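Peer 1: fold the following, please.
(one chain, ligands or ions: 2)
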Amino acid sequence: MAKLVSSWYNDVKIFPENYIFPLESRPGNITVPLASSIPVIDLSEANRTNTIQKILKAGEEFGFFQVINHGVSENSVNKAMKVFKEFFKMQAEDKESLYSEDNSKICRVYTSTASYATEEFHRWRDNLRHQCHPLEQYQIFWPEKPIRYQEYVRECSIEVKQLASRILELISEGLGIRSGYFDGELSESLLLSVNHYPPCPEPSLTWGASKHCDPGLITILIQDEIYGLQVLKNGEWIGVKPIANAFVVNVGYQLQIISNGKLKSVLHQVVANSSHARTSAAFFLQPLEDGIVEPAKALTHASNPPIYKSFKYKEFLSYYLSKNGDPEVALEPFKAT
Ligand code: OGA
Ligand code: NI
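Peer 2: Ligands and ions are numbered 1, 2, ... in the order given. Alright, predicted model coming up:
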């Protein structure tokens, strides 16, 4: 049988057992309250200081915010989302030919967590991921179908990269670290991760994505109009309300480390939807593999000593992947002793 959920879900009469999580780790009640409290920040506002303060506050309190009037054209987002959705509607052969669990592959498709054979329970999601930057280096590896895929995703990824750099610049200003701190090796990798969660007959028994934090600096997420993303706040899960033409932005582990714990990388998870497919596109802005990550020196002093070590991003990534992103342990080896 094809592995990708999008290839077989329509033909299954009985909900497959290996997608049923044990009672204690199921979503259970999937209808958590939709948060009106996660800040929505208008990036077209003229008052730069105000915008910076809002971003910093959101990064400290929620690790999450949404941005509107962000400068990425609605047209490029819509076109990219259109080809993402078309991708997962293609014939099984067209998708499965890109299937790989090898994380070093520049472009690949997998399902659940990419350790399909060894994981005990599978998640109800397929994932297409590839590097986006620099385009000249990576675009040749992207899917050739749907026919417009490369053209549309190219356009959108260029705009998202600019937005991500702009947000990072606002953050560096707000944190009080030097302008341009994130330029270069700290933010030259842009990994696109497209999640597809087909309609799920039993969304309370399985996960779209289990709770995790994102590995990179920041994630810029396009979520479609279907709800599914939940964020942990004060020990409670709250739903992130889909807002038309907004992006969800969240702090990844590296930004938590660089800010010496001031900005928080917050746990989030995704529930499937019983009647609608949900597609989301996460752009992970990350350091290059040899990029050195450490608490910014401008932020640390005798009364605020670094709480993390200095390391190469590839050391973090290989540990993160070896633990399947387990949020209980992901930061352990990188804490200052
Ligand atoms: C992710 C993620 C959320 C979503 O890809 O890391 O958290 O809404 N995605 O799909
Ligand atoms: Ni995530």
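
Peer 1: low-confidence ranges in the stretch 101-250 of the chain?
Peer 2: In the predicted model, the stretch 101-250 of the chain carries no residue with pLDDT under 70.

Peer 1: for the protein, what's the longest helix?
Peer 2: helix 149-175 (DSSP state H).

Peer 1: which residues in the stretch 51-200 of the chain form strands?
Peer 2: Secondary structure of the stretch 51-200 of the chain (DSSP state E, counting those that start in this stretch): strands at 64-68, 107-111, 126-131, 189-197.

Peer 1: for the chain, which residues are neighbours of ligand 1?
Peer 2: Applying CB under 6 Å from any ligand atom, we find that the chain lies next to ligand 1 at 193, 195, 209, 214, 221, 223, 228, 229, 268, 270, 280, 282. C-beta: built from backbone N, CA, C; applies to glycine.

Peer 1: mind putting those residues into JSON lines with distance to residue 146, secondary structure and neighbour count?
Peer 2: Output for the residues of the chain next to ligand 1, formatted as JSON lines (distance: CB to CB, whole Å; DSSP: H, G, I helix; E, B strand; the rest coil; neighbours: other CB atoms under 10 Å):
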{"residue": "193", "distance to residue 146": "18", "secondary structure": "strand", "neighbour count": "16"}
{"residue": "195", "distance to residue 146": "17", "secondary structure": "strand", "neighbour count": "24"}
{"residue": "209", "distance to residue 146": "24", "secondary structure": "strand", "neighbour count": "24"}
{"residue": "214", "distance to residue 146": "27", "secondary structure": "coil", "neighbour count": "25"}
{"residue": "221", "distance to residue 146": "22", "secondary structure": "strand", "neighbour count": "23"}
{"residue": "223", "distance to residue 146": "21", "secondary structure": "strand", "neighbour count": "24"}
{"residue": "228", "distance to residue 146": "23", "secondary structure": "coil", "neighbour count": "24"}
{"residue": "229", "distance to residue 146": "25", "secondary structure": "strand", "neighbour count": "24"}
{"residue": "268", "distance to residue 146": "29", "secondary structure": "strand", "neighbour count": "24"}
{"residue": "270", "distance to residue 146": "24", "secondary structure": "strand", "neighbour count": "25"}
{"residue": "280", "distance to residue 146": "18", "secondary structure": "strand", "neighbour count": "24"}
{"residue": "282", "distance to residue 146": "20", "secondary structure": "strand", "neighbour count": "21"}
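
Peer 1: columns distance to residue 132 on top of these, output as JSON lines?
Peer 2: Below are the residues of the chain next to ligand 1 laid out as JSON lines (distance: CB to CB, whole Å):
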{"residue": "193", "distance to residue 132": "10"}
{"residue": "195", "distance to residue 132": "16"}
{"residue": "209", "distance to residue 132": "21"}
{"residue": "214", "distance to residue 132": "16"}
{"residue": "221", "distance to residue 132": "14"}
{"residue": "223", "distance to residue 132": "18"}
{"residue": "228", "distance to residue 132": "23"}
{"residue": "229", "distance to residue 132": "21"}
{"residue": "268", "distance to residue 132": "22"}
{"residue": "270", "distance to residue 132": "22"}
{"residue": "280", "distance to residue 132": "16"}
{"residue": "282", "distance to residue 132": "12"}
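
Peer 1: pick out the most distant pair among the residues you listed.
Peer 2: By the measure CB to CB, 214 and 228 form the most distant pair in the residues of the chain next to ligand 1, at 16.0 Å.

Peer 1: for the strands of the stretch 51-200 of the chain, give me TSV that also has distance to residue 25.
Peer 2: Output for the strands of the stretch 51-200 of the chain, formatted as TSV (distance: least, CB to CB, whole Å):
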stretch	distance to residue 25
strand 64-68	23
strand 107-111	19
strand 126-131	21
strand 189-197	18
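
Peer 1: sorry, back to before: what is the nearest of the residues of the chain next to ligand 1 to residue 300?
Peer 2: Nearest member of those to residue 300, counting by CB to CB, is residue 214, at 23.5 Å.

Peer 1: the closest one and residue 108, how far apart?
Peer 2: Separation of residue 214 from residue 108 (CB to CB, to the nearest Å): 18 Å.

Peer 1: the residue nearest the centre of the chain pairs with what?
Peer 2: Central residue of the chain (CA atoms, centre = their mean): residue 282, 4.3 Å from the mean position. In this structure, residue 282 bridges to residue 193, residue 221 when assessed by DSSP bridges.
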